[in-house]
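K.L.:
Okay, predicted coordinates and the sequence, questions at the end:
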Amino acid sequence: MSSFLDIHTTSKNDLRAIIDTARRMKDARNGAPKGTPDAEQPLKNRMVALIFEKPSTRTRVSFDLGVRQMGGQTMVLSGAEMQLGHGETIADTARVLSRYVDMIMIRTFEEATLQEMAEYADVPVINGLTNRTHPCQIMADVMTFEEHRGPIAGRKVVWSGDGNNVCASLIHAAGQFGFDFTFTGPKPLDPEREWMDFARAQGVQAVIERDPSKAVQGADLVVTDTWVSMHDPQSARERRHNQLRGYQVNTDLMRHAKPDALFMHCLPAHRDDEVTSEVMDGPQSVVWDEAENRLHAQKAVMRWCLNA
């Protein structure tokens with residue numbers, strides 16, 4: 001059994017196997033009612049703890065439903081209920097949970113919390129999001145691109161906006177899946193150099209271009225995310241809007257990309273801030289397929305973790 005902590009710490013062969021499993025499982029469910037159990041029940045009699053220090057819509061619903069479709073059961077726990085790391089250490093919490101459940105998914109703030117949970121748990125741990133990375137989202141994004149355009153290897157992917165946790169995992173994926181990556185955004189919000197260096201070390205281009213119109217030239221995929229976090233104070237929100245206004249994904253920007261370029265956003269979107277409704281609801285947008293594929297990609301991740 002293995003933990004799924006980040007894309008750059010999972011082998012390329014395993015990442016490809018997860019994507020292939022996700023597509024097969026999705027195809028097998030084609031036309032079935034949403035609540036229908038999978039014909040295969042790889043998580044039968046398994047219990048999965050879903051821990052949410054950060055609130056969530058897609059992560060909670062997709063993991064909960066995915067476990068149920070595969071025959072397992074979930075225990076959903078909030079950070080407030082657990083007081084994670086307050087009183088009892090994260091290490092001790094990991095040891096206790098390992099006696100009760102077969103797998104742990106955690107959506108948390110600090111990367112150190114995830115790492116300590118994985119170090120001391122005797123069961124697989126899945127990164128449902130940290131402030132630094134969001135690997136499950138990007139697995140769904142790779143799956144979605146390949147559904148629409150074939151292999152992502154050798155393609156050009158452009159991120160416009162804030163070099164945040166989702167951006168970080170996309171850069172990891174560039175290195176692991178073999179596509180070129182361009183970041184366009186203001187210098188104070190650049191992605192971590194460590195991640196750009198990782199992608200380059202895998203033999204792909206990872207560059208920064210301040211001019212968004214130049215950045216998206218030849219792009220096969222344009223990706224963005226919200227400019228502000230739900231936890232940001234009002235002063236930070238105003239500053240982010242001022243910094244990022246020139247990096248909005250709109251119809252004019254998409255005209256500079258390839259004619260068949262796709263648009264993605266991990267959601268929730270602040271319409272007409274980081275992306276216009278015209279683009280988000282337009283023919284190049286695949287955001288709803290992307291959201292659905294969180295379910296299928298995460299089911300495949302869970303199966304990989306349990307070798308099921």
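P.N.:
It's in.

K.L.:
need the strands for the stretch 151-300 of the chain, in chain order.
P.N.:
Counting by DSSP state E, counting those that start in this stretch, the stretch 151-300 of the chain has strands at residues 156-160, 180-184, 206-208, 221-224, 262-265.

K.L.:
Using CSV, lay out these together with mean neighbour count, mean pLDDT and distance to Ser56.
P.N.:
Heads up, the C-betas are built off the backbone N, CA and C, glycines and all. Formatted as CSV, the strands of the stretch 151-300 of the chain follow (neighbours: other CB atoms under 10 Å; pLDDT from 0 to 100; distance: least, CB to CB, whole Å):
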stretch, mean neighbour count, mean pLDDT, distance to Ser56
strand 156-160, 25, 99, 22
strand 180-184, 24, 99, 26
strand 206-208, 16, 98, 29
strand 221-224, 28, 99, 20
strand 262-265, 26, 99, 16
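
K.L.:
Among these, which comes closest to Lys44?
P.N.:
strand 262-265 (33.6 Å; CB to CB).

K.L.:
Tabulate the strands of the stretch 151-300 of the chain (CSV), appending distance to Thr133.
P.N.:
Shown next, in CSV, are the strands of the stretch 151-300 of the chain (distance: least, CB to CB, whole Å):
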stretch, distance to Thr133
strand 156-160, 14
strand 180-184, 15
strand 206-208, 16
strand 221-224, 15
strand 262-265, 17
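
K.L.:
what's the closest of the ones you listed to Met75?
P.N.:
Met75 sits nearest to strand 262-265 of all those, at 30.5 Å, using CB to CB.

K.L.:
residues in contact with that closest one?
P.N.:
Residues outside strand 262-265 that contact it (CB atoms under 8 Å, 6 or more residues apart in numbering): 141, 144-145, 148-149, 220-225, 249, 254, 274-275, 279-280, 282, 284-287, 290.

K.L.:
lowest average confidence, helix or strand, in the protein?
P.N.:
One helix or strand of the chain scores below all others by mean pLDDT, DSSP states H and E: helix 79-82, with a mean of 78.

K.L.:
Can you work out which other helices and strands pack against the helix or strand following that one?
P.N.:
Scanning forward in sequence from helix 79-82 by DSSP states H and E, the next helix or strand is helix 90-100. Helix 90-100 is packed against strand 47-52, strand 103-107, helix 111-120, with contacts defined by 3 or more CB pairs under 8 Å, 6 or more residues apart in numbering; DSSP states H and E.

K.L.:
number of nearby residues for the nearest residue to Thr89 once chain neighbours are set aside?
P.N.:
Leaving aside its sequence neighbours, Thr89 sits nearest to Glu116 (CB to CB, 6 or more residues apart in numbering; 8.0 Å). With neighbours defined by other CB atoms under 10 Å, the count for Glu116 comes to 18.

K.L.:
Contacts only, for Glu116.
P.N.:
89-91, 94.

K.L.:
Of the residues you listed, just the buried ones, PyMOL syntax please.
P.N.:
Here is the PyMOL selection string for the buried members of the contacts of Glu116, based on 16 or more other CB atoms under 10 Å:
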select buried, resi 90+94
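
K.L.:
For Val67, which of the strands of the stretch 151-300 of the chain is the nearest?
P.N.:
strand 262-265 (25.2 Å).

K.L.:
surely Ile171 meets Ala206?
P.N.:
Yes. Using CB atoms under 8 Å, Ile171 makes contact with Ala206 at a distance of 6.4 Å.

K.L.:
Counting by contacts, list what the least confident helix or strand of the chain packs against.
P.N.:
With 3+ CB pairs under 8 Å, 6+ apart as the test, helix 79-82 has strand 47-52 packed against it.

K.L.:
Run through who's touching the helix or strand just after the strand it packs on.
P.N.:
Under the assignment DSSP H and E, the closest C-terminal helix or strand after strand 47-52 is helix 58-69. Outside helix 58-69, the residues within contact range by CB under 8 Å, 6+ apart are 29, 34, 36-38, 43, 46, 48, 50, 52, 73-74, 76, 105, 107, 128-129, 136, 266-267, 291, 294-296, 298-299, 302.

K.L.:
List only those of those residues flagged as buried.
P.N.:
For those, a burial check counting by 16+ other CB under 10 Å picks out 29, 38, 43, 46, 48, 50, 52, 74, 105, 107, 128-129, 136, 266-267, 291, 294-296, 298-299, 302.

K.L.:
winner for burial among the helices and strands packed on helix 90-100?
P.N.:
Among the helices and strands packed on helix 90-100, strand 103-107 has the highest mean neighbour count (mean count of other CB atoms under 10 Å), at a mean of 26.

K.L.:
Quick check: mean pLDDT of that one?
P.N.:
Computed over strand 103-107, the mean pLDDT rounds to 98.

K.L.:
Parallel or antiparallel, which strands does that strand pair with?
P.N.:
Next to strand 103-107 in the sheet, as set by DSSP bridges, lie strand 47-52 (parallel), strand 125-129 (parallel).
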